[in-house]
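> Sharing a model prediction with you, sequence too.
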Amino acid sequence: MKRETLIGLVGHPSSGKDTVAAHLVEKYDFVHLSSGDMIRAYIQEHELGETDREKMKQVSTMLREQHGSDYIVRMALKNPAPRLIVSGLRAIV
C-alpha cells in the first residue's frame, strides 16, 4: 500500500502532540504512533524496569547508539498505514 501522508509531530513534553494526533486520527483516519509508547513497549518487552522518564531517556539513547539516530523513526515507518503520524520525535537525524 502506498503511503498518502506522513506527519511527524514534535514539541516539548505536554505541548499537545497527542491531542493534535488524536484529532487527526478521529477526523482523517490517521494511525498514530508515539515514540514514547514505542520506548515504553521496548522497556517492558525486555524487562528493563520501570518506564519512568529517566529510564526512557536511557533506553532511547542506547537504541540510537546501537542502531543509529533514526532507529525509532525507521521502526515507526514499518507500519504500512497510508496516513501515519509519528509523535514525540527527539533526535536530529
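Looks like it arrived, so ask away.
> For the least confident helix or strand in the chain by mean pLDDT, list every residue counted as buried.
Least confident helix or strand, the chain: helix 71-76 with a mean of 90, by mean pLDDT, DSSP states H and E. Neighbour-count burial for helix 71-76, counted by 16 or more other C-beta atoms under 10 Å, picks out 71-73, 75-76. For glycine as for every other residue, the C-beta is placed from the backbone atoms N, C-alpha and C.
> what do you get for stretch 2-12?
Within stretch 2-12, judged by 16+ other C-beta under 10 Å, the buried ones are Leu9.
> Contacts for it next, please.
17, 20-21, 24, 30, 73, 77, 81-90 (C-beta atoms under 8 Å, 6 or more residues apart in numbering).
> These in strands, which ones?
83-87 (DSSP state E).
> and the gap between the residue positioned nearest the centre of the chain and Ala76?
The centroid of the chain falls nearest to Ser35 when counting by C-alpha atoms, centre = their mean (1.9 Å). Separation of Ser35 from Ala76 (C-beta to C-beta, to the nearest Å): 7 Å.
> shared neighbours, the two?
Joint contacts of Ser35 and Ala76 (C-beta under 8 Å, 6+ apart) are Val86.
> low-scoring pLDDT stretches of this structure, where are they?
1, 91-93 (pLDDT under 70).
> most residues in a single helix of it, which one?
helix 53-67 (DSSP state H).
> which of the residues in that one are buried?
Result for helix 53-67 [16+ other C-beta under 10 Å]: buried residues 56, 59-60, 63-64.
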